[in-house]
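>>> Below is the structure, and that's it, no one-letter string:
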């Protein structure tokens with residue numbers, strides 16, 4: 001490791017979560033003028049949601065950010081931080097905090113954890129004096145990187161511009177609106193708290209798109225396209241069901257749209273955030289979780305749609 005200060009962050013989840021972790025660590029590195037190393041934990045295959053293949057290298061990430069695929073790195077080289085992290089996880093699991101709003105607990109712990117060079121969860125972060133800083137968590141809030149939003153947006157756009165028939169259809173539509181319908185791992189029993197976006201939610205959202213833009217075309221992106229074709233009420237708007245492509249490729253297509261019907265997923269959050277259109281319409285579920293836990297993902301200009 002040497003003597004230089006370094007910010008480390010452990011990657012987890014799918015592309016949307018990986019992008020939030022990148023944005024958090026990169027913004028902290030820019031504030032502190034320090035490099036960043038992301039630890040790709042491919043041994044975390046049974047998480048909720050599951051950690052998928054790291055796709056960040058297909059984005060325009062900064063050369064100041066390195067990605068290291070070494071599952072044992074934190075344990076071997078960051079023993080204090082890794083031990084504190086393990087104890088924190090065990091405590092949260094034992095108290096049942098993983099299934100409800102754990103933010104107050106983590107906020108109380110943040111000063112001590114920051115002093116160790118560790119930050120978890122969902123509260124304002126301070127770099128602290130430790131040489132090596134380890135971040136773990138999902139960091140799902142634009143507030144973590146608002147001061148470097150332009151840099152983050154530039155670095156998290158794909159290296160390759162979208163092309164092909166679907167990209168041409170989006171470009172030709174009078175008002176293209178992306179609909180993200182996520183099922184997959186959300187349908188598992190252990191992810192019950194994420195089962196929020198009902199067919200009724202999507203029907204109301206499609207109707208809201210039609211009310212605002214009667215000339216809209218819906219472009220539907222889903223990890224279960226057949227289910228979407230059978231169950232999605234499009235409010236009689238024309239709909240194009242996109243065949244499932246790569247995570248980065250599909251997000252790049254969604255970013256070309258002007259309207260967005262979100263699922264409670266960080267994947268569609270990033271699609272709307274990175275879209276360059278000036279007349280953006282974003283419709284989101286009125287709650288992000290199926291219990292009382294709150295989310296800091298909501299942005300001021302969104303329209304919230306009833307889910308039940």
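Perfect, thanks for sending it. The structure displayed is predicted, hence computed values, not measured ones. Residues are numbered from 1 along each chain as shown.

>>> Could you identify the longest helix within the chain?
For the chain, the helix with the greatest residue count under DSSP state H is helix 15-32.

>>> And the average pLDDT for that helix is what?
Mean pLDDT, helix 15-32: 94.

>>> which other helices and strands contact the helix or strand following it?
Beyond helix 15-32 in the direction of the C-terminus, DSSP states H and E gives the next helix or strand as strand 36-40. Helices and strands touching strand 36-40, by 3 or more CB pairs under 8 Å, 6 or more residues apart in numbering; DSSP states H and E, are strand 6-11, helix 15-32, strand 65-68. C-betas here are computed from N, CA, C, even on glycine.

>>> how about the second one: buried residues?
Applying a neighbour-count criterion of 16 or more other CB atoms under 10 Å, one finds 15-30 buried in helix 15-32.

>>> ditto for the last one
Buried positions in strand 65-68, judged by neighbour count with 16+ other CB under 10 Å: 65, 67.

>>> who's in contact with residue 154?
Residue 154 makes contacts with residue 60, as judged by CB atoms under 8 Å, 6 or more residues apart in numbering.

>>> Secondary structure class of it, three-state.
At residue 154 the chain is in helix, as set by DSSP: H, G, I helix; E, B strand; the rest coil.

>>> which residues in this structure form strands?
Taking DSSP state E, the strands of the chain run over residues 6-11, 36-40, 65-68, 118-120, 132-136, 175-181, 216-222, 239-241, 259-261, 281-285, 303-305.

>>> By mean pLDDT, show me the worst of these.
Among the strands of the chain, strand 118-120 has the lowest mean pLDDT, at a mean of 51.

>>> Tell me who's in contact with residue 20.
Applying CB under 8 Å, 6+ apart, we find residue 20 in contact with 138-140, 144, 266.

>>> Okay, now the unreliable bits of the stretch 201-308 of the chain?
Applying pLDDT under 70 to the stretch 201-308 of the chain flags the ranges 292.

>>> before we move on, back to that, which one of the buried residues of helix 15-32 is nearest residue 236?
Closest approach to residue 236 among the buried residues of helix 15-32 (CB to CB): residue 16, at 30.3 Å.

>>> Please name the nearest non-neighbouring residue to that closest one.
In this structure, residue 16 finds its nearest non-sequential neighbour in residue 266, 3.0 Å apart by CB to CB, 6 or more residues apart in numbering.

>>> so who does the one you found touch?
When contacts are counted by CB under 8 Å, 6+ apart, residue 266 is found next to 13-14, 16-17, 19-20, 138, 140, 297.

>>> so which pair among these is furthest apart in space?
Maximum distance among the contacts of residue 266 (CB to CB): 14.9 Å, for 14 and 297.

>>> Neighbour count for these two, which is higher?
Neighbour count, other CB atoms under 10 Å: between residue 14 and residue 297, residue 14 has more, with 21 against 18.

>>> could you measure that one against residue 282, distance?
Separation of residue 14 from residue 282 (CB to CB, to the nearest Å) stands at 20 Å.

>>> go on, residue 183?
From residue 183 across to residue 282, the span is 21 Å (CB to CB).

>>> and residue 277, what does it touch?
Residues near residue 277 by CB under 8 Å, 6+ apart: 257-258.

>>> can we see that at 10 Å?
175-176, 255-260 (CB atoms under 10 Å, 6 or more residues apart in numbering).

>>> repeat for residue 177
170, 205-206, 209-210, 212-213, 216-220, 237, 239, 257-261, 281, 283 are the contacts of residue 177 under CB under 10 Å, 6+ apart.

>>> which residue sits closest to it in space, ignoring its chain neighbours?
Residue 177's closest residue in space is residue 259 (CB to CB, 6+ apart), at 3.1 Å.

>>> tell me which residues form a beta bridge with that neighbour?
Judged by DSSP bridges, the bridge partners of residue 259 are residue 177, residue 281.
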